[in-house]
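Trainee: Using only what follows, build the 3D model:
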Amino acid sequence: MALDQESFDILLPTLERFVRERLMPAENYLEEHDEVPADIIEDMKQMGLFGLSIPEEYGGIGLSMSQEVQVAYELGRTALAFRSVFGTNIGIGSQGILMDGTPEQKAQYLPKVASGELIMSFALTEPDAGSDAASLKTRADLDGDHYVLNGSKRYITNAPRAGAFTLMARTGGPGAGGVSSFIVPADLPGIQLGKPDKKMGQRGTKTCDVIL
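Mentor: From the prediction side, this is the model:
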């Protein structure tokens, strides 16, 4: 999938101007308050930045990988926290649904992701396993027609903002083959968020523990 060249030639200069006129002047606010201003997030939604990599049939822009690289290059001219607001939405937060989700899951989640109504987060890393998927300890046990998840995730990007998680949990034996992926709405009972991590850099990015 790729946006036609004429449309992309309009998008890229618009993004360059947005970075220069809106994001760069807000860098001091970002550093002081550890927060991306809400009006800038709304502007990002209106520009379609939450759906850059999501196909047009689901309300996204549908950039190719090379086009997405050019967009990331322009966003790299300013504080990385700005891209972090929607980074998991266009990457690991939604791509699993796009590649392996059912038609029903795609129809339910991807349009909301693309519009920015739903922020997805990717929950892999754990206190005792790091990002080694083969060593995960969070479990998902089948109970009737649903799964019960127990465990902890750490350093989960955008967790404080997330409306749902693409979450990895162990459903089988040891190793990567025993791990499955779940779409977990953030408002389900039993989910708790830890305090936002205080980092030495990356002001304005949001990470925290997710406890199931």
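Trainee: Now do stretch 98-116, average pLDDT.
Mentor: For stretch 98-116, the mean pLDDT works out to 95.
Trainee: Dump the C-alpha coordinates for that stretch into CSV.
Mentor: Extracted in CSV, the C-alpha atoms of stretch 98-116 (Å, rounded to 0.1, in the frame of the first residue of the first chain):
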residue,chain,number,x,y,z
LEU,A,98,-3.7,-5.4,10.6
MET,A,99,-1.6,-8.5,9.8
ASP,A,100,-3.3,-11.2,11.8
GLY,A,101,-6.6,-9.8,13.2
THR,A,102,-10.0,-11.2,12.2
PRO,A,103,-12.1,-9.1,9.8
GLU,A,104,-14.3,-8.3,12.8
GLN,A,105,-11.3,-7.1,14.8
LYS,A,106,-10.0,-4.9,12.0
ALA,A,107,-13.4,-3.3,11.5
GLN,A,108,-13.9,-2.7,15.2
TYR,A,109,-10.5,-1.3,16.1
LEU,A,110,-8.6,0.1,13.0
PRO,A,111,-10.9,3.0,12.1
LYS,A,112,-10.8,4.2,15.8
VAL,A,113,-7.0,3.8,15.8
ALA,A,114,-6.6,5.7,12.5
SER,A,115,-8.8,8.7,13.8
GLY,A,116,-7.0,8.9,17.1
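Trainee: Report the buried residues of that stretch.
Mentor: L98, G101, K106, Y109, L110, P111, K112, V113, A114, S115, G116 (16 or more other CB atoms under 10 Å). Yep, even glycine has a C-beta here, placed from its N, CA and C like the rest.
Trainee: same check, this time on stretch 136-147
Mentor: L136, T138, A140.
Trainee: thinking again about what came up before, reformat the buried residues of stretch 98-116 as TSV; add secondary structure and distance to D187.
Mentor: Rendered in TSV, the data for the buried residues of stretch 98-116 read as follows (DSSP: H, G, I helix; E, B strand; the rest coil; distance: CB to CB, whole Å):
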residue	secondary structure	distance to D187
L98	helix	23
G101	coil	20
K106	helix	21
Y109	helix	14
L110	helix	19
P111	helix	19
K112	helix	14
V113	helix	16
A114	helix	20
S115	helix	19
G116	coil	18
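Trainee: which residues touch the nearest residue to S131 once chain neighbours are set aside?
Mentor: Once flanking residues are discounted, S131 sits nearest to T125: 4.9 Å by CB to CB, 6 or more residues apart in numbering. For T125, the contact set (CB atoms under 8 Å, 6 or more residues apart in numbering) comprises S131, K153, R154, Y155, I156.
Trainee: Look at the second one and tell me its secondary structure.
Mentor: K153 falls in the strand class when you classify it by DSSP: H, G, I helix; E, B strand; the rest coil.
Trainee: And the last one, by the same measure?
Mentor: Per three-state DSSP, the secondary structure class of I156 is strand.
Trainee: List just the nearest of the buried residues of stretch 98-116 to G144.
Mentor: G101 (22.8 Å; CB to CB).
Trainee: returning to that earlier point: now the buried members of the contacts of T125.
Mentor: The buried subset of the contacts of T125 (16+ other CB under 10 Å) comprises K153, R154, Y155, I156.
Trainee: how close does the last one sit to S115?
Mentor: Right, I156. I156 sits 22 Å away from S115, going by CB to CB, to the nearest Å.
Trainee: No further queries at this time; thank you.
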